[in-house]
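In: quick one: sequence and predicted model below, then my questions.
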Amino acid sequence: MRRFALQKYVAPFDLTNNPIHRFYHMQRQYGAGADGVAMGKWVAEGTSGGTSMGYFDRYASPAQWKLADEFVLLDHWFQGIHGGSFANHFYLISAGLARYPEAPTEERAVGVGPDGRVEKDGDVDPDGSVVNNLDPPYPPQRVSLILRTPQTAPTIADRLDAARITWAWYATGWGGGADAVKQGLVPHHNPFQYVKRIMETPEGSRTFATRRTSVGRSAKAACRRSRS
Amino acid sequence: MKPHAKDNAHATSSTVGAGDRWIADMVREVMASRYWPRVALVITYDEGGGWFDHVRPPVVDRFGLGTRVPTLIVSPYAKRGFIGRREYDHASVLKLIEWRFGLEPLTDRDRRAEAPLEAFDFAQAPRAPVRTAVSQLEAIEIETTASPGVSIIWMHGLGADGHDFVDIVPELRLPARPGVRFVFPHAPMRPVTINGGYVMRAWYDIRDDGGVRREDPAGVRASQKAIEALIQREKERGVPAASIVHRRVLAGRGDGAAHEPPPRRAAGRRHGALVLAAARGHAGRRGRAREPRCADLHGAWNPGSDDPDGARVAGAGDARGARLSRGVARIPDAAFGLRRGGSRYLHLARGGARRGVLDSLTDHAHGG
């Protein structure tokens, strides 16, 4: 399977289908193709035909390329965890995976072999680590598959707070109450929403709450307020 | 900062283009804020979205690393145009924070991760903000051969979109050589005052000023820049020297500010693209503007007139307009004798458009 220029068929603002990106699938995709070369199973182990072989050139993202030309591009930066969104977001604040040893059987992967082979896929690995997407234990949630155990592993917020360094996490749509999800919040992209100390203790929630009003828009507002 | 679902560039909720625009917005706000002198922005993606990459990720434990994601560092102390090839992952963000503030690592992963310090030169004079607003238009592209040698950027009229003109390509019955890339950009969606604020595709807002249509000069300039970016793109994609037909392209009337000349690089012969502007409204037309059809095109191309583009835009006899037209190739007006066809379909009258495009291609061959 060769790469192809996707923008011959899909404009940069047109929707594409969604190549699967899950923990075990992605590891299988690293496997050798028919030519014996690694990274050769993107189509064979995918679910969206040839889509994943498509690429956009720099004209689909001119702002990012402008920044790359003017500043710094790091081109051997890897996502921390195989697969998808939540595991990587939680890793971004904790350098680890969320834990859910109490996960119900139907959410667990079974029969994990080498190179991502599984007898049954699941969001939680046999050891209780959350390797795919589950929504947070605290509302708002978007889907019914929920990680019901509040997380207690230390995060960068603990380190910063202990050193009395202020921090903020902005997530667009936060502060929208029950409508937050409708307003665009993606709960499984919002890792502090899984963390017990942030969501339950007064000092934690004060730190998060005063800064989480609505991300994006409020990040913009914060910047604007700060103009001298 | 995390974007809205519609801006996060994730397949099915968002697009590559929307994500890029959001990043541009955020970077612009940070650059305009008082934080800029002390800021280090790390712009990254949670995951590769299931899209192919050829680099086998290093194995650090049974959870990763996963595939590469492009990551940018933007700061007054970031190097300029630097590409760092050392190995990083999302724990490198934590490592950078820990390095900066002298904090203990959280796990083995961030203990072992490298902070992206090669990106910075703390001894350099602090860098000023840059413009991130690189215009980007949604566009349909059709190529008559692989690696075309000529590009035609074809702008639609008020309320239409790029799709409206796609059917013209087969009707032109162009020869196999030279290959042509047709680029049909869609104008941005915006409220149009003369249409009661109705949101539609428009290159700029139009107001009714006591019966005279007035184009919004800022909108004209913005769209002009967007089209320039498309031209630049064609140039960078290696379209060989070619003429530009720059005809009534986004130049306003009745407001000096809208009369800015086309960019200098768009005025020479040795340039990458042909630009055709279709169907700007008729001067002085009253009432509700409608989706332009072939009849509008007929008027817009103004068959029979010898006025070059610039002169028509700025007004006949306008010296600057005449200057603008120098070195700008033209498709003969008669070439665009279009007549009205079916609802979204163009029929070409007298074979004119075809002849016009062919003449232009010949012009490329000889004049480029």
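Out: Perfect, I can see it now.

In: quick check: bridge partners of residue B:185?
Out: Following DSSP bridges, residue B:185 is listed with bridge partners residue B:139.

In: just confirm it contacts residue B:162, I think it does.
Out: Yes - in terms of Cβ atoms under 8 Å, residue B:185 counts as a neighbour of residue B:162; the distance is 5.8 Å. In short, each C-beta sits where N, CA and C put it, glycine included.

In: the more surrounded of these two?
Out: Taking other Cβ atoms under 10 Å in any protein chain shown, residue B:185 and residue B:162 do not tie; residue B:185 has more neighbours (25 against 22).

In: wait, what's in contact with the more buried one?
Out: B:137-139, B:153, B:155-156, B:162, B:226-227, B:230 (Cβ atoms under 8 Å, 6 or more residues apart in numbering or on different chains).

In: thinking again about what came up before, what residues are shared contacts of residue B:185 and residue B:162?
Out: B:138-139, B:156.

In: just send those residues back as TSV, with neighbour count too.
Out: What follows is those, written out as TSV (neighbours: other Cβ atoms under 10 Å in any protein chain shown):
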residue	neighbour count
B:138	18
B:139	20
B:156	23
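
In: and what about whichever residue of the stretch 201-350 of chain B sits closest to chain A, helix, strand or coil?
Out: Nearest residue of the stretch 201-350 of chain B to chain A (Cβ to the nearest Cβ) works out as residue B:233 at 5.1 Å. Following DSSP: H, G, I helix; E, B strand; the rest coil, the label given to residue B:233 is helix.

In: confidence score at it?
Out: Predicted confidence (pLDDT) at residue B:233: the value is 71.

In: the spatially closest residue to it that is not a sequence neighbour: how many residues sit nearby?
Out: Distances taken as Cβ to Cβ, 6 or more residues apart in numbering or on different chains place residue A:59 nearest to residue B:233, at 5.1 Å, with adjacent residues excluded. Per other Cβ under 10 Å, the neighbour tally for residue A:59 reads 20.

In: three-state assignment of residue A:59?
Out: Per three-state DSSP, residue A:59 ends up helix.

In: surely it and residue B:235 touch.
Out: No - Residue A:59 is beyond contact range of residue B:235, at 11.7 Å (criterion: Cβ under 8 Å).

In: what are the phi and psi values at residue B:170?
Out: Main-chain torsions, residue B:170, degrees, to the nearest 10: phi -70, psi -30.

In: any low-confidence regions in chain A?
Out: Within chain A, the segments meeting pLDDT under 70 span A:1, A:7-8, A:176, A:203-228.

In: let me see the domain layout of it.
Out: A:4-70, A:85-225 (automatic domain parsing).

In: switch the ones you listed over to TSV; also include distance to residue B:104.
Out: Below are the domains of chain A laid out as TSV (distance: least, Cβ to Cβ, whole Å):
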stretch	distance to residue B:104
domain A:4-70	28
domain A:85-225	6
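
In: and the strands in the stretch 1-150 of chain B?
Out: B:41-43, B:71-74, B:82-84, B:88-89, B:139-143, B:150-155 (DSSP state E, counting those that start in this stretch).

In: the second one near chain A anywhere?
Out: Yes - Strand B:71-74 lies in contact with chain A when judged by Cβ under 8 Å from any Cβ of the partner chain; the contacting residues are B:71-74.

In: show me the one of the domains of chain A that comes nearest residue B:85.
Out: Among these, the nearest to residue B:85 by Cβ to Cβ is domain A:4-70 (13.5 Å).

In: start and end of that closest one, how far apart?
Out: 28 Å (Cα to Cα, to the nearest Å).

In: that one: how far from the chain's middle?
Out: The gap between where domain A:4-70 is centred and where its chain is centred comes out at 17 Å by Cα atoms, centre = their mean, to the nearest Å.

In: report the contact partners of residue B:147.
Out: B:179, B:238.

In: wait, residue B:51
Out: Residue B:51 neighbours (Cβ under 8 Å, 6+ apart): A:19, A:52, A:54-55.

In: same check, this time on residue A:83
Out: Residue A:83 touches A:21-26, A:131-132, B:47, B:66, counting by Cβ under 8 Å, 6+ apart.

In: skipping adjacent residues, who's closest to it in space?
Out: Using Cβ to Cβ, 6+ apart, the nearest residue to residue A:83 is residue A:23, at 3.6 Å.

In: what count of nearby residues applies to the one you found?
Out: Quick note: residue A:23 (other Cβ under 10 Å) scores 28 neighbours.

In: got it, and residue A:150?
Out: Neighbour count for residue A:150, taken as other Cβ under 10 Å: 17.

In: and for residue A:174?
Out: 28.

In: surely it meets residue A:184?
Out: No - counting by Cβ under 8 Å, residue A:174 does not reach residue A:184; the two are 9.7 Å apart.

In: buried ones in stretch A:61-80?
Out: A:61-68, A:70-74, A:76-80 (16 or more other Cβ atoms under 10 Å in any protein chain shown).

In: is chain B contacted by that stretch?
Out: Yes - using Cβ under 8 Å from any Cβ, we find that stretch A:61-80 touches chain B at A:61-80.

In: could the strands of the stretch 1-150 of chain B be laid out in TSV, adding mean pLDDT?
Out: Shown next, in TSV, are the strands of the stretch 1-150 of chain B (pLDDT from 0 to 100):
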stretch	mean pLDDT
strand B:41-43	98
strand B:71-74	98
strand B:82-84	98
strand B:88-89	98
strand B:139-143	81
strand B:150-155	76
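
In: ranking the ones you listed by burial, who's on top?
Out: Among the strands of the stretch 1-150 of chain B, the stretch with the highest mean neighbour count (mean count of other Cβ atoms under 10 Å in any protein chain shown) is strand B:88-89, at a mean of 31.

In: pull up the pairing partners for it, direction included.
Out: Strand B:88-89 has these strand partners (DSSP bridges): strand A:77-78 (parallel).

In: distance of residue B:91 relative to chain A?
Out: Applying Cβ to the nearest Cβ, to the nearest Å, the value for residue B:91 to chain A is 5 Å.

In: name the nearest residue to that residue, ignoring sequence neighbours.
Out: Nearest to residue B:91 is residue B:113, by Cβ to Cβ, 6+ apart, at 3.8 Å.
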